[in-house]
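Visitor: Everything below, folded, please.
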Amino acid sequence: MREASPSPAVNLKAGLACLMVMTAVATVFMTQSIFLEIATSFHLEIARARFAFSVASLSYSAAFFFIGPLADRFDLPKMALTGLMALSVVIFGAASITRFSLFVTAMGLIGVSAALIPASLFPHMTLMAPREKIGLHVGAIVASGTLGIVFGRVIMGVLTAHRGWPSAFRMVSGLLLVLAVAGWVFLVEKGPRRTQPKANLSDLYKGSLRLLLRPRPQALLATGFFLFFGFLGMVTFLTYRLTAPPFDFTSGEVGWISLAGITALIAPFAGHLSQKTGPFRVILPGLGLCLVALQLMGWFQSIPLVTLGLLLLFAGAYCCQPLLFLLIGECVPKESLGTASSLYILVCIGGGSLSSMVLGPVWTAWGWPGVTLACSLSIAIAAGITGTLAITENKKKNLGG
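Guide: Numbers count the residues shown, from 1 in each chain. Modelled structure (predicted):
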């Protein structure tokens, strides 16, 4: 049951859920700003260091396909706490690894463990949010995921510059442990568990596959995929761009410039605005903003312009993200919300993960201009799909009228 108005208890739970999601996502992206230090520590070429992120993000995204249906069956806060505890243990162990192959394996386990947290807390936020504030609450938890990208890059870059990456990993492990304790106190319902009918797991997975075959969810999932291929592809290779001439940034400087991603905080306001204007009137300008941002980042060597581009890129992407998430949620019944939200996160982060691999040869052959063109094309495809959806919906409304 949703409450009529947001009580302090709901706000506290929502805030804690956002903090847990932010920190979990940060662990997936925390290697992005320290590729140089990882390469030095394991005696690698810097180009190989990106696989620490690629494996973590691919494992993270792939895990959502298997975890999503579980979120429709099991206790959501307890799922999140399981993920936090596993994440804390694996990150603490990864800090002591001396072989890159084992480190990459640990990063894969980090991705799987991290996925449990947003997979359970995204639908949990939707269920506990007051109806009239659902856009704001969903926008807030979506923004927290994006802030996790920023938090992971900034904090890990700064801590690594001062303490080294193993110490930074152990500090993150301790923070996750604190959050798990807080989650047990404030999020887990005490007393007798509510009994509810449990669907067969095989039926839940079949439902997940059926969802992928429906045209409207397909179009929305494809939009998320191409948006994140362009968005995260550009952000990932920005580290290579900034650590090379003419910038020659350190990990700390890469971390600080990543703070520009704070504009992801626009997501709750975009979610609230869409309830008044309609989602497509926010999504399409957001994608246009992303395209402008990529040109600023791609074709100029001015730090202020690159920073402005990063600001606009995060703002544009997270005007779109909560609204696409809400549109996906509208396509499915309430009991399939966990599956739907997990599939959406899967294609988004999967798109970003694939970009880090696919764009590797592009970077080698054509450098930063090649990456810029490929990412711009991906965002343009997302805009084309969204524009087609908007036209189709408008026609349906006119015929209905």
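Visitor: where does the chain dip in pLDDT?
Guide: Along the chain, the model assigns pLDDT under 70 to residues 1-7, 129, 131-132, 134-135, 190-209, 211-212, 263-276, 333-338, 398-401.
Visitor: centroid residue for it?
Guide: Within the chain, one residue has its C-alpha closest to the average C-alpha position: by C-alpha atoms, centre = their mean, that is Gly145, at 4.9 Å.
Visitor: Val332 and Ala340 touch, don't they?
Guide: Yes: counting by C-beta atoms under 8 Å, Val332 sits close enough to Ala340 to count as a contact (4.4 Å). (Glycine included, C-beta is placed from N, CA and C.)
Visitor: and these two? which has more neighbours close in?
Guide: Residue environment comparison for Val332 versus Ala340 gives the larger neighbour count to Ala340, 27 against 18, counting by other C-beta atoms under 10 Å.
Visitor: check contacts around the more buried one.
Guide: Taking C-beta atoms under 8 Å, 6 or more residues apart in numbering, we find Ala340 in contact with 68, 211, 217, 328-329, 331-332.
Visitor: Now for those residues: which two are most distant?
Guide: The span of those, defined through C-beta to C-beta, is set by Gly68 and Cys331 at 14.2 Å.
Visitor: Secondary structure element for Asp248, which one?
Guide: Element membership for Asp248, per DSSP states H and E: none, as it lies in no helix or strand.
Visitor: same question, the one 4 residues further on
Guide: Following DSSP H and E, the helix or strand that holds Gly252 is helix 251-257.
Visitor: buried stuff in the helix or strand containing Ala62?
Guide: Here Ala62 sits within helix 46-71, counting by DSSP H and E. Applying a neighbour-count criterion of 16 or more other C-beta atoms under 10 Å, one finds 46, 49-65, 67-71 buried in helix 46-71.
Visitor: Kindly report the same for stretch 236-250.
Guide: Taking 16+ other C-beta under 10 Å as the neighbour-count basis, stretch 236-250 is seen to contain the buried residues 236-243, 249-250.
Visitor: swap in stretch 174-186?
Guide: Within stretch 174-186, judged by 16+ other C-beta under 10 Å, the buried ones are 175-177, 179-180, 183.
Visitor: if we can go back for a sec, on contacts alone, who are the packing partners of the helix holding Ala62?
Guide: Of the remaining helices and strands, those touching helix 46-71 by 3 or more C-beta pairs under 8 Å, 6 or more residues apart in numbering; DSSP states H and E are helix 8-29, helix 35-42, helix 76-94, helix 100-128, helix 201-212, helix 215-243, helix 337-400.
Visitor: quick one, it and helix 100-128 angle?
Guide: Angle between the axes of helix 46-71 and helix 100-128 is 40 degrees (criterion: axes from the mean of the first three to the mean of the last three C-alpha atoms, to 10 degrees).
Visitor: Can you check what angle separates helix 46-71 from helix 337-400?
Guide: Note on geometry: by the same axes, to 10 degrees, helix 46-71 and helix 337-400 are set 80 degrees apart in direction.
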